[in-house]
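# curious how this folds, go ahead:
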Amino acid sequence: MPFWSSNPNSGDEAASNDDDSNFNSILATYKPLIKNLTFSSFMGYCSAFTAKTIGKGVVFMAGLGFMTLQGLAYTGFIDVNWKNVEKSVVKKIDADNDGEITEKDLKLYWQKLKTILTNNIPDASGFGLGFMFGLRA
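Model prediction:
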């Protein structure tokens with residue numbers, strides 16, 4: 001019987017035993033993962049989930065802003081010099097000041113974020129592992 005198909009309050013002893021065996025099977029499968037789960041790795045996972053959610057919001061707002069400006073420019077209400085906008089954005093985001101947004105900039109931002117988030121926690125490596133797992137989830 002599937003894990004979710006019976007009501008544990010029905011009084012059906014067979015269903016209850018089957019649910020217990022399914023739960024025990026799941027625990028046995030994930031025991032190595034659960035055994036190594038630490039506070040730091042859990043906080044890393046939660047931080048990654050939050051970062052992904054915030055990232056989606058930032059991307060949404062950037063897209064909405066672009067569409068609004070482009071729509072206003074198309075109808076003639078405003079003029080947008082996209083070359084100047086690009087220069088300003090690159091200047092603000094470029095961490096290594098080479099005039100381009102590259103992989104090196106992303107690595108510098110990752111190092112800053114990691115330093116902030118792992119400050120004074122007991123297991124920084126567990127945090128990093130949880131963070132990477134959270135990004136993939």
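
# low-confidence bits of this structure, can you list those?
In the predicted model of the chain, residues 1-19, 30, 32-36 satisfy pLDDT under 70.

# what does the helix or strand containing Phe131 rub up against?
In the assignment (DSSP states H and E), Phe131 maps to helix 124-136. With contacts defined as CB atoms under 8 Å, 6 or more residues apart in numbering, helix 124-136 is touched by 36, 38-49, 51-52, 114, 117-118, 121. Yep, even glycine has a C-beta here, placed from its N, CA and C like the rest.

# now it: how far from the chain's centre is it?
For helix 124-136, the separation from the chain centroid amounts to 10 Å (computed by CA atoms, centre = their mean, to the nearest Å).

# now do the buried residues in that helix.
Neighbour-count burial for helix 124-136, counted by 16 or more other CB atoms under 10 Å, picks out Ala124, Gly126, Phe127, Gly128, Leu129, Gly130, Phe131, Gly134.

# for Ser25, see how far away the nearest residue in space to Cys46 that is not next to it in sequence is.
Among residues not flanking Cys46 along the chain, Gly134 sits closest, at 7.1 Å (CB to CB, 6 or more residues apart in numbering). Going from Gly134 to Ser25 by CB to CB, to the nearest Å gives 25 Å.

# same for the longest helix along the chain, what does it pack against?
Once the chain is assigned using DSSP state H, the helix that runs over the most residues is helix 39-74. Applying 3 or more CB pairs under 8 Å, 6 or more residues apart in numbering; DSSP states H and E, we find helix 39-74 packed against helix 124-136.

# could you check the angle helix 39-74 makes with the helix it packs on?
Comparing the axes of helix 124-136 and helix 39-74 via axes from the mean of the first three to the mean of the last three CA atoms, to 10 degrees yields an angle of 40 degrees.

# buried ones in stretch 100-119, by neighbour count?
Across stretch 100-119, burial judged by 16+ other CB under 10 Å covers Asp105, Leu117, Thr118.

# can you redo those residues as a markdown table with secondary structure?
Below are those laid out as a markdown table (DSSP: H, G, I helix; E, B strand; the rest coil):
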| residue | secondary structure |
| --- | --- |
| Asp105 | helix |
| Leu117 | helix |
| Thr118 | coil |
